[in-house]
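Peer 1: below are the sequence and a predicted model; questions follow.
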Amino acid sequence: MASTPPSVDAQGYFENLMRAGQDAMKQFDDALALAAGVGTKDPVSPGRQLFPFAMIADLQRDYFKQLYQFWNSVFLRSFAGGANSGVALAQGDKRFKDASWREQPYYDLLKQTYLLGSRQLHEFVDKAQVDDKTKLQLRFYARQFIDAMSPSNFPATNPEVIRMAIETRSASLTDGMKNLIDDLHKGRITRVDESAFEVGRNLATTPGSVIFENELIQLIQYVPQTSDVEKTPLLIVPPCINKYYLLDLGAGNSLVEYAVAQGHHVFLISWRSAVPETGHLRWDDYLEMGPLRAVDIVLEITGAERTHALGFCVGGTILSCAAAVLAARQQDKLATLTLLTTMLDFSDTGEIGLLIDQGSVALREATIGTGGILPGKELAFTFGTLRANDLIWRYVVDSYLKGATPDAFDLLYWDSDSVSLPGPMYCWYTRNTYLENNIKQPGKTTQCGVPVDLSKVKVPLFVLASREDHIVPWKSAYGSKDLIGKEARFVLAASGHVAGVINPPARNKRSHWLNDNLVSDPNIWLEQAEEKSGSWWPDWDAWMKRHSSGRCLAPTEQGNAQYPAIEPAPGRYVKQKSN
């Protein structure tokens, strides 16, 4: 039976994917052309070569010398029982875990030749005589090329794929082709068993009600689980580029559930994924219709004078700007500010900043800057390229070459549940953060009609960073203490952008670092810091309670007469699919 062609959306997605790959390869090819002697002159300083020929010759000579050694070692192992020698795998590299890559000379040589070529390419880029940002971009494109060309990604050179095809009489290849066709129709790579999860059934299950909504957000109020609660409520602002339920994954793995159990009166913003009717919304709309509106409603419902406010990732950036707007309006509505893996100073953005330049931002502004949508799957793919071996190629091999069924993993389900953004909002954000770094400069931007100065926000500040974060470098997050708030407390969590944040105390996993002496140099801070085992959540809970205004009886109803319950949590917005 003939299969139906991919949808127009799927075709457009893969066309964009190919175009992005072509752009990346062109930039990398330009560097290789320079290395080969085509245009090796620096256009800014014509007398200087970007890639001196002596350097190229040295690298080539070293490459062939080591390649000869590999051939020799293969011969010795095969015929004389010699010892294995070669380029060591990077820590955590699971592509060559199968025994055949070590025990069979052909695959061992294939692996070692690839690893050597990869190392030589990295060294070639490192020795390029270019500015730091260009070198970082070259490293990124080189890694994309290296990752894509791994012999583990091709059926004819992956021993696991060949062995599985023989054992299953080619059924694995047939299943893999079916998986590929299914993903072509979806327009994205399937990385998780999506049938295993459902928002509201086993994800986002903390009891509560939606007590307000507009065209951009739903505001959820959670049911207290203690007889009394903190008088000072807590408003959580998740990132608008992901679904909020990362903070409420499920029973025993939820920051929301934990905060409620500790006696906090918790409210949370659920952002709506952009649809054609909201494609006109701007950055200012996200502030006014998001945290600024939510703060007012939280205070009206609870009767409190001020609220704690927590922002995660981009949600922290949005919340910080909203706090600065409140400060400019001389409105004292915040008790504390908590920023989880948040950037306010975009001087060092890590690798994601390499993908945003003047040309890319100008193109977005020309196409969707006055209206339109940035599809969520484009954002998801961009983030995937930052860890391509783990988030792209692993699933290409497992799903398309081996025909495997994806595992059931809540974090991967959340990560695949992407969110679209309005074009005007996205364009303003990328230009004023990654491109021009305007938000940190007092008065540089006007937001919601007032000049924004983060330093005018004078509330106690809690900053959490993750030591291995590839999206928000921890030293960049550390710098927030000098830009906003007062009496700052900084905590460094182990692991990455997500795992560092989602670390329930009951699991007793990982660790975090504490040091009350917030010196200017983050490296010195870490050297002097004390490592504590387990979760950082109890430290944050105790810190918030020190800045609360006592306890009161827990409310018995959700919302009030002006803001009655609309529907049970998690609400409609979080269930809407953009992919």
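Peer 2: Right, received. Where do you want to start?
Peer 1: find the residue closest to the most centrally placed residue in the chain in space, skipping its chain neighbours.
Peer 2: Centroid-nearest residue in the chain, with C-alpha atoms, centre = their mean: Ile471, separated by 5.2 Å. Distance criterion C-beta to C-beta, 6 or more residues apart in numbering; nearest residue to Ile471, sequence neighbours excluded, is His497 at 4.6 Å. C-beta coordinates here come from the backbone N, C-alpha and C atoms, glycine included.
Peer 1: would you check that the one you found makes contact with Ser466?
Peer 2: Yes: at 5.8 Å, His497 counts as touching Ser466 under the criterion of C-beta atoms under 8 Å.
Peer 1: hey, where'd the strands end up in the stretch 251-400 of the chain?
Peer 2: Assigned by DSSP state E, counting those that start in this stretch, the strands in the stretch 251-400 of the chain fall at 266-271, 307-312, 334-340, 373-374.
Peer 1: for Ile297, which of those is the nearest?
Peer 2: strand 266-271 (7.9 Å; C-beta to C-beta).
Peer 1: got the contact list for the residue nearest to Ile471?
Peer 2: Contacts here follow C-beta atoms under 8 Å, 6 or more residues apart in numbering; on that basis His497 touches 313, 341, 466, 469-472.
Peer 1: Ile241 too?
Peer 2: 313-314, 376, 379, 419, 421.
Peer 1: and Trp271, by the same measure?
Peer 2: Trp271 neighbours (C-beta under 8 Å, 6+ apart): 216-217, 238, 240, 244, 290, 419, 573.
Peer 1: what about the closest residue in space to Leu334 that isn't next to it in sequence, neighbour count?
Peer 2: In this structure, Leu334 finds its nearest non-sequential neighbour in Val459, 4.9 Å apart by C-beta to C-beta, 6+ apart. When neighbours are defined as other C-beta atoms under 10 Å, Val459 has 21 of them.
Peer 1: from Leu337, how far out is Val459?
Peer 2: 5 Å (C-beta to C-beta, to the nearest Å).
Peer 1: now Trp543
Peer 2: Following C-beta to C-beta, the distance that separates Trp543 from Leu337 is 12 Å.
Peer 1: overlap in contacts of those two?
Peer 2: Phe462.
Peer 1: in stretch 245-259, what's buried?
Peer 2: 245-250, 253-259 (16 or more other C-beta atoms under 10 Å).
Peer 1: I'd like those residues laid out as JSON lines, including distance to Val450.
Peer 2: Converted to JSON lines, those look like this (distance: C-beta to C-beta, whole Å):
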{"residue": "Tyr245", "distance to Val450": "33"}
{"residue": "Leu246", "distance to Val450": "31"}
{"residue": "Leu247", "distance to Val450": "29"}
{"residue": "Asp248", "distance to Val450": "33"}
{"residue": "Leu249", "distance to Val450": "37"}
{"residue": "Gly250", "distance to Val450": "40"}
{"residue": "Asn253", "distance to Val450": "39"}
{"residue": "Ser254", "distance to Val450": "36"}
{"residue": "Leu255", "distance to Val450": "31"}
{"residue": "Val256", "distance to Val450": "31"}
{"residue": "Glu257", "distance to Val450": "37"}
{"residue": "Tyr258", "distance to Val450": "35"}
{"residue": "Ala259", "distance to Val450": "31"}
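Peer 1: angles on the backbone of Phe154, please.
Peer 2: Main-chain dihedrals, Phe154, degrees, to the nearest 10: phi -120, psi 140.
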